[in-house]
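Asker: pasting the sequence and the predicted coordinates here, then a few questions.
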Protein chains: 2
Amino acid sequence: MMEQDVERKIIGILKVLSSSTEPVGANIIARELHRRGIVLDGRTVRYHLKIMDERGLTKKEGREGRLITQKGLSELEEALVSDRVGLIITQIESLSYQVTFNPWRKEGKVILNTSLIKKDKFKEALSIIKRVLKSRIGMSSLVICRREGERIGDLVIPKGEVGLGTVCSITVNGVLLKEGIPVEAKFGGIVQVSDFVPQRFTELVTYSGSSLDPLEIFMKSGITSVLKAAKTGSGKVLANFREIPAVAWEQAEEIFERLKEVEIIKIIAISKPGQLILGVSPGVDKMGIAVMGGLNPLVAVEEAGIRTQSKAISTIVDFKELVSIEEVE
Amino acid sequence: MMEQDVERKIIGILKVLSSSTEPVGANIIARELHRRGIVLDGRTVRYHLKIMDERGLTKKEGREGRLITQKGLSELEEALVSDRVGLIITQIESLSYQVTFNPWRKEGKVILNTSLIKKDKFKEALSIIKRVLKSRIGMSSLVICRREGERIGDLVIPKGEVGLGTVCSITVNGVLLKEGIPVEAKFGGIVQVSDFVPQRFTELVTYSGSSLDPLEIFMKSGITSVLKAAKTGSGKVLANFREIPAVAWEQAEEIFERLKEVEIIKIIAISKPGQLILGVSPGVDKMGIAVMGGLNPLVAVEEAGIRTQSKAISTIVDFKELVSIEEVE
């Protein structure tokens, strides 16, 4: 038990270090850990760091800064899975909490998916992305594009890559939450679209039962046909599903209208009380809301045989950093 | 509600027809439906079939036989997802129930995964499969191999393909159940292996929260390295996890020993009470059991760039139909 406790602290420290490209000192680490609910003083952090240096998980840089090593990154990746199951739902909740976007004032922070695409493939990928975002299958065409060495939120674009961020549909959860509506992220899955209209979910994986984002899993499953959907109006695309108390429907619909006006979302499917929505029946006194996955254009890129490194629900950026896909070249 | 009820019956009939290559009459359909818990007489089935013919889901063949059409197959595939969520756990339970394998008498039925491989790729695929099954990463080397037109359980091998069945690790659940031990299938995921020893789960998806078998999803995820694990002893492979009451441990261990002797399983990881097993903590008074996925050799084939059509927990065959992979050419 004791040992597990130490292991969690070490994983906590590795998490802090992994989200920075600069060396980080013990006091800053302690502050960051505090934000994540782990209370350690700078001195204790220093003690753990020394052991972590010895294990090769971290290395000293400058006076007392630390960087995470390759070994530290692997360790973090393979952290106790008992810590990780349900992690994706925890990540959704902590990122939703950090959303401050106000659709009326058009300011504040939104959640992005991020993708890295090899520089020499980017032109081809971009034309596919534009094609999908201009079609009527309904994802936000607001994006953020960054070159090597630049950042999207806490992601630094590596050498030889182009970074593209798309609006993550979980942003909707954050906006609802900020308006005081409790939201439960239920699942991600595949939706059959016909004539550009979403018909029903055909596959799904629940957020609470997965260590990975279901949309990330489905992205490479080979059962999508986003490109075909964008071209012909019929195909299988990524979408996710959330529930809110049915009593909040009026306020929620106002919010959705506004989110459409500012182009954070395009197509949204909302259940009427007691009715199925896209073949799914919401819980008792709940209202179900399905939104197209922001990763869909990147799925189309993968379908065309171009590899991307894509991460759903990846980071937080300011709304004013977003531009229309048209402006990206 | 009425409509949904009819829809379920139609889906039931389509399921029966889809598992046969010959035309099936209304009375046989009624009997099959009964086995699946849907009680309809032949006359009512005939009534539904007439409507289904009109909708193009089925077609008449011979005096009163019916075949499923392409449209019927698509309809079945996209059946109400509310019917399908959790379907994979239902499928595990109904196939587990049908397992009659007795490891002492070495007879009875086991569960198979099935894969279809293009004829011209089969030789290359087979050498990879042999390599993986001969390595020490631990899957059963008992298989069943069938040519076009032949069958593996209820799967008919299509023209131009070779069919390969591998022992599905869910067979273990069935054997435990037949010995009177209640089993709960928990999740499928990825296990990190080092020096041919399973270390811990790094990703997982629960059976109760997925419409697809998690191992099928992970198979194409690009995060496995089965071939590397077979060659070097280190890599990421598929495995799944189940729980039984801790009080049954003695009987269970005897069963596992015997299952190893008859080569239905090779490597199995079992938790001690109150301890983690491969980084996962079992429920209170439960014992956790992890088994390598029977699909791993096929994952290695996919990693080598050869496409397969693989289905986990696919069908039931008699143990005596299985042969050692060595005998397959």
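Answerer: Cool, got the structure.

Asker: which parts of the longest helix along chain A are buried?
Answerer: Determined from DSSP state H, the single longest helix within chain A is helix A:2-18. Buried residues in helix A:2-18, counted by 16 or more other C-beta atoms under 10 Å in any protein chain shown: A:9-17. For glycine as for every other residue, the C-beta is placed from the backbone atoms N, C-alpha and C.

Asker: where does chain A dip in pLDDT?
Answerer: Chain A contains residues with pLDDT under 70 at A:1-4, A:80-87.

Asker: how about the residues of it near chain B?
Answerer: Listed as neighbours of chain B in chain A under the rule C-beta under 8 Å from any C-beta of the partner chain: A:77-78, A:80-82, A:84-85, A:187, A:189, A:192, A:199-206, A:208-212, A:214, A:217-218, A:220-222, A:276, A:278-281.

Asker: picking that back up, restricting to C-alpha, output the longest helix of chain A in CSV.
Answerer: In CSV, the C-alpha atoms belonging to helix A:2-18 read as follows (Å, rounded to 0.1, in the frame of the first residue of the first chain):
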residue,chain,number,x,y,z
MET,A,2,2.8,2.4,1.1
GLU,A,3,4.6,1.6,-2.1
GLN,A,4,1.5,2.3,-4.3
ASP,A,5,1.2,5.7,-2.6
VAL,A,6,4.8,6.6,-3.5
GLU,A,7,4.2,5.3,-7.0
ARG,A,8,1.2,7.7,-7.4
LYS,A,9,3.3,10.7,-6.3
ILE,A,10,6.0,9.8,-8.7
ILE,A,11,3.5,9.4,-11.5
GLY,A,12,2.1,12.8,-10.4
ILE,A,13,5.5,14.5,-10.7
LEU,A,14,6.1,12.8,-14.1
LYS,A,15,2.8,14.2,-15.3
VAL,A,16,3.8,17.7,-14.3
LEU,A,17,7.2,17.4,-16.0
SER,A,18,5.7,15.8,-19.2
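
Asker: how far out from the middle of the chain is that helix?
Answerer: From the chain centre to the centre of helix A:2-18 is a distance of 23 Å (C-alpha atoms, centre = their mean, to the nearest Å).

Asker: now the buried residues of helix A:2-18 in a markdown table, with distance to B:Gly153?
Answerer: A markdown table is the format used below for the buried residues of helix A:2-18 (distance: C-beta to C-beta, whole Å):
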| residue | distance to B:Gly153 |
| --- | --- |
| A:Lys9 | 51 |
| A:Ile10 | 48 |
| A:Ile11 | 44 |
| A:Gly12 | 49 |
| A:Ile13 | 51 |
| A:Leu14 | 47 |
| A:Lys15 | 47 |
| A:Val16 | 52 |
| A:Leu17 | 51 |
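
Asker: check those residues and tell me the two furthest apart.
Answerer: A:Lys9 and A:Leu17 (12.8 Å; C-beta to C-beta).

Asker: in ChimeraX, how would I select the buried members of the residues of chain A next to chain B?
Answerer: In ChimeraX syntax, the buried subset of these is picked out as below (16+ other C-beta under 10 Å):
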select /A:78,80,81,84,85,187,189,192,200,201,202,203,204,205,206,208,209,210,211,212,214,217,218,220,221,276,278,279,280,281
